[in-house]
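Novice: Show me the folded form of this:
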Amino acid sequence: MQRSSRNSKLACSEKRSTSVRTLALDASITERGAILLGENVACDAFEATRPVRVVTHAHADHIAGLGSSLRKCRKILMTAATKDLVEAMKGPLTPESRIEVLEYEKSVSYGDERITLFKAEHILGAAQVLVETPNGHRVAYTGDFKIEQTRALRCDTLVLEATYGNPSFNRAFSVDVRKQLVSLVEKQLRQGTVYVFGFNGKLQEVMQILNDADVTVPFIVPESVHKISRVYERHGMRLGYLTLSTERDARKLLSENLPSIAFYHMNSAKSVGLNCNRIYVTGWEFQTPCRQTGPNEYVIALSDHSDFNGLIEYVRRANPKKVVTDNYRISHGETLAKEIQKRLGIPAVALPTY
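Specialist: Residues are numbered from 1 along each chain as shown. Model prediction:
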């Protein structure tokens, strides 16, 4: 029995190893998080062996090693909005000659491969990547996305984000989260200043929701949020009138706890607005669209990622022959790969392996 069990484990291990090798032929993920597509392309991290770098969007975990890419890659591809956002955060990208701004569904060739960016519903400028190889294979990477307005790319090999890759990460509630957000903000404004905490992109989405709902109190932002917000406005979003937190009128509103909304990055949550009404905007809430977490604190379940069912649905629509799940940026890649194999019968592996 022991020998049989051991042989079974060895066979399993060999099968897994073969699966990894097969998948890695045209797509892989390095231990530093670079998404490798075809022979030439690395996405969302620097990889010294790849001449082309793609930045799918401007979140920190997807612009890793950009300085090295600017020095060593021959070509860096991104959308115009992503370039503007990265420069708002990091300053001018140089040498600019290595950067190529690519519109959605416009292709560029490198060597024998063709690279195309497609829109992803996530933050401003977010893109999916499709690499078409000389042998006719279509290799796609989703980047981060929400399924509702993201086109699934038909492909042979798919690299899939895995943020909510656990089956327990589903949002079953059907109420309109945006209406819940507006209602909560309007209620809290009767008591004074409301602090909203979130990440870049999420904050601007909240501004747009409140502005569209005719919430007309001053929107107060620190310089870092102001820079990002101006990029969103240049690309067509209507965020309302923004006031810098350093201006005299803004300081008065905040110090006297007068009706206004202050938007801060999530990293500032422990240092500002401690005695005021506070709202945390996050996708890591699955039970209810709005949950009270303290006397003056609430969580709003507003996500810019697909939940588990959305990830599975994307794979079903894309109908790839094999899938690689991103096990670098979050630890749910292995669970997601197993679920894809079990539910859809498509070979899947999580990379990198640990």
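Novice: For Phe145, give me its contacts.
Specialist: Ala120, Glu121, His122, Ala126, Gln128, Glu161, His305, Ser306, Tyr314 (CB atoms under 8 Å, 6 or more residues apart in numbering). C-beta: built from backbone N, CA, C; applies to glycine.
Novice: Recalculate using a threshold of 7 Å.
Specialist: Counting by CB atoms under 7 Å, 6 or more residues apart in numbering, Phe145 touches Ala120, Glu121, His122, Gln128, Glu161, Ser306.
Novice: Which ones among the residues you listed lie within strands?
Specialist: Judged by DSSP state E, strands contain the following of the contacts of Phe145: Gln128.
Novice: possible to save the contacts of Phe145 as JSON lines with pLDDT, distance to Asp44 and neighbour count?
Specialist: As requested, these are exported to JSON lines (pLDDT from 0 to 100; distance: CB to CB, whole Å; neighbours: other CB atoms under 10 Å):
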{"residue": "Ala120", "pLDDT": "99", "distance to Asp44": "12", "neighbour count": "25"}
{"residue": "Glu121", "pLDDT": "98", "distance to Asp44": "17", "neighbour count": "16"}
{"residue": "His122", "pLDDT": "98", "distance to Asp44": "12", "neighbour count": "26"}
{"residue": "Gln128", "pLDDT": "99", "distance to Asp44": "12", "neighbour count": "25"}
{"residue": "Glu161", "pLDDT": "98", "distance to Asp44": "10", "neighbour count": "27"}
{"residue": "Ser306", "pLDDT": "97", "distance to Asp44": "17", "neighbour count": "27"}
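Novice: Turn the contacts of Phe145 into a markdown table, including distance to Arg171.
Specialist: Converted to a markdown table, the contacts of Phe145 look like this (distance: CB to CB, whole Å):
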| residue | distance to Arg171 |
| --- | --- |
| Ala120 | 19 |
| Glu121 | 15 |
| His122 | 16 |
| Gln128 | 22 |
| Glu161 | 17 |
| Ser306 | 10 |
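Novice: Quick one: the helices in the stretch 201-350 of the chain, in order.
Specialist: 202-212, 223-234, 248-255, 308-318, 333-344 (DSSP state H, counting those that start in this stretch).
Novice: partners of the nearest residue to Ser224 once chain neighbours are set aside in the sheet?
Specialist: Once flanking residues are discounted, Ser224 sits nearest to His265: 6.7 Å by CB to CB, 6 or more residues apart in numbering. Beta-bridge pairing for His265 (DSSP bridges): Gly198.
Novice: Mind pulling the model confidence for His265?
Specialist: Looking at His265, its pLDDT is 97.
Novice: How about the contacts made by it?
Specialist: Residues counted as contacts of His265 (CB under 7 Å, 6+ apart) are Phe199, Ser224, Val225.
Novice: Point out where the stretch 1-150 of the chain drops to low pLDDT.
Specialist: Flagging of the stretch 1-150 of the chain using pLDDT under 70 yields the residue ranges 1-25.
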